[in-house]
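Chemist: fold the following.
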Amino acid sequence: MKNILLKALFCLSAGCFTGTNTVVAQSFKVIADKPVNGTFELDPALPSDGQYPAGTIVTITAKPDAGYVLDAVYYSDKGKWGQMYFESMTPVFKVTIDHEKHLGASFIEKSAVADINVTQDVIYAKPGVKPLKYDVYSPKGAKNLPCIIIIHGGGWTTNTEDIMRGLARELTKGGKFVVFSIDYRWAMKLDGDATNNTMADIVDDVFGAIAHIMEHAKEYGGDPSRIGVTGDSAGGHLSALAATMCNMIGTAGFGKTKGVFEFMPSYMPKNKNVEQVRAEMMASIKAAAPSYGVFAGNLLNTYSDDPAADNTWKDAIAPLNHIPNASERAVAEYLIRGTNDPLIKDEAVKTYVDALVKAGQRVEYVQVGGASHAFFDWKPDAATKATFAKYGVYYASEMKAFFSSVMYK
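Modeler: Numbering: from 1, shown residues only. Now for the predicted structure:
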C-alpha cells in the first residue's frame, strides 16, 4: 500500500511513466517575475500552487507606467549560458506551458525610443526551418544615412537579434545612422533542421542579410553604399568576417572542391548576379567594430560532419587569415574587449591587431577595465541591464564616434 501511495504522489507532482517509458507531465512550475516600471497580467491567472497544467496557453498582457514604454514580453528558462529569454515586442504574448518557465515583461523609459522608428521582424530568407529576419532602428526623418549592421552572439548556437536591441537603440541615437540587427541560422540541428547547419551556412546568412539590407536600405532612410558592421562574441567573429572576407562570395561552394571556399548569400536580389553582389558589398562595407570577437583558433568550429573538413576549412572561416591589404580595400576596425573576459584573451585580439597593422589597415583596440564578456547584450533581467548601463552605453557612443569618423569624412 505504501509503495502504491508513493507512486501516486510521484505521478501527481512530476508526471507518470507510460508503457513506452515516456513521461506524461501533469503540471509545470511557473514563476511570474516582478515587473519594474509597468505591470502585466496572466490569463488564466497563475494558480495558488504556482503550477499550470501541461499544455496551458497563457496570455501575458503588459502595460507600461506613465513615462515608459514596453521593451518586451517574455518567457525564460535555463539555457547554455544562464537564463535564456524568448521575447515578443508586442504587449500581448501567448506562451504554451510545456516545461518550467519564468514569465514577465520589461519596460524602458519612453525617451529611449522617442526619436526612433522601430520595424520588427523583416524576413530576408528561409533556407531552413527558421525564417531569417532582422529589425530596423531608423531615426525619425532619416534620409540617406549610413547603415550599421549588428550581428548577435551566442556561440553561433543561441540568441536572436533581440539581444542586441540595447546597442541598436544607442547607435541610432543622435540621428546619424540607420541600424539593422540581424538573425541567422543556429549551428548544427538546433533550429530543428534535418541536417547540420555549418559555419559556412551561417556566413551565407550574414551575407544574405547584408544583400537584402542593401536592396531595401533606402526604404528606411539608409544609404546602402555606406555600411559598417558590428557584433559581439560569435557576432564579433561574423562581423570581422563580413568586413574582411566579402571578396569570398561566389558560386563554387565551401569545400566542395579541395582548397576552394566560397560563400553563397542565402538571399540574392532577383535583378543581380553573384559577381555584382560581391562587388557592391566590397565597395560598401567601410568599417567593422567586432566586440570581444573570435578571429582564429580553437574557438572556431566548422560544424561540418564532412570527413574532408580539416584545418583548411577552419582557416577558411578565420578573419585573421583573410585581411585585405589597405591599398586594395581599406576597412577600418574598432576592437573592444573587457579586461575580465574569461573567453576572449588579450593575446588573441592583439594578434589580430598586429595583422591588421601589417596590412596597412586602420585599427583601434580598446580594453574596458573591469568588464567581463557580453557587456553589449540586452536582456530583461536587472543584472544584464545594469551591466549595459555601466559599460554598454558609454562604449556604444565610442563605437558610434568611430563609425562617424569613417563614414562622415
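Chemist: can you tell me the SS state at the nearest residue to T119 once chain neighbours are set aside?
Modeler: Among residues not flanking T119 along the chain, V136 sits closest, at 4.1 Å (Cβ to Cβ, 6 or more residues apart in numbering). The way it works is simple: take the backbone N, C-alpha and C, and place the C-beta from them, glycine included. What DSSP: H, G, I helix; E, B strand; the rest coil gives for V136 is strand.
Chemist: and V136, how many neighbours?
Modeler: 26 (other Cβ atoms under 10 Å).
Chemist: how about the backbone phi and psi for I97?
Modeler: Dihedral angles of I97 (phi, psi; degrees, to the nearest 10) stand at phi -90, psi 100.
Chemist: hang on, isn't the residue nearest to T119 packed against Y124?
Modeler: No - using Cβ atoms under 8 Å, V136 is not in contact with Y124; the gap is 11.4 Å.
Chemist: ok so, going back, run through the bridge partners of the residue nearest to T119.
Modeler: On the basis of DSSP bridges, V136 is bridged to T119, F180.
Chemist: ok, it - contacts?
Modeler: Applying Cβ atoms under 8 Å, 6 or more residues apart in numbering to V136 gives the contacts N117, V118, T119, V122, V178, V179, F180, Y220.
Chemist: nearest to L335 among those?
Modeler: Nearest to L335 among these, counting by Cβ to Cβ, is V179 at 19.6 Å.
Chemist: that closest one and G250: what is the separation?
Modeler: 29 Å (Cβ to Cβ, to the nearest Å).
Chemist: ditto for S88
Modeler: In terms of Cβ to Cβ, S88 sits 38 Å off from G250.
Chemist: just want the most central residue of this structure.
Modeler: Centroid-nearest residue in the chain: H152, 2.2 Å away (criterion: Cα atoms, centre = their mean).
Chemist: any idea how far that one lies from D346?
Modeler: According to Cβ to Cβ, H152 and D346 sit 23 Å apart.
Chemist: ok, K34 - how many residues close by?
Modeler: Residues near K34, counting by other Cβ under 10 Å: 7.
Chemist: then T251?
Modeler: Around T251 there are 10 other residues, counting by other Cβ under 10 Å.
Chemist: again, but for E347
Modeler: Neighbours of E347 under the rule other Cβ under 10 Å: 7.
Chemist: and it, what element?
Modeler: Using DSSP states H and E, E347 sits within helix 346-358.
Chemist: would you map the helices across this structure?
Modeler: In the chain, the segments counted as helices under DSSP state H are 2-14, 165-172, 199-216, 234-245, 274-284, 311-315, 346-358, 382-387, 393-407.
Chemist: what's the least confident stretch among the ones you listed?
Modeler: For the helices of the chain, mean pLDDT drops lowest on helix 2-14, to a mean of 38.
Chemist: follow-up on the earlier one: report the angle between the helix holding E347 and helix 234-245.
Modeler: Between helix 346-358 and helix 234-245, the angle comes out at 20 degrees (axes from the mean of the first three to the mean of the last three Cα atoms, to 10 degrees).
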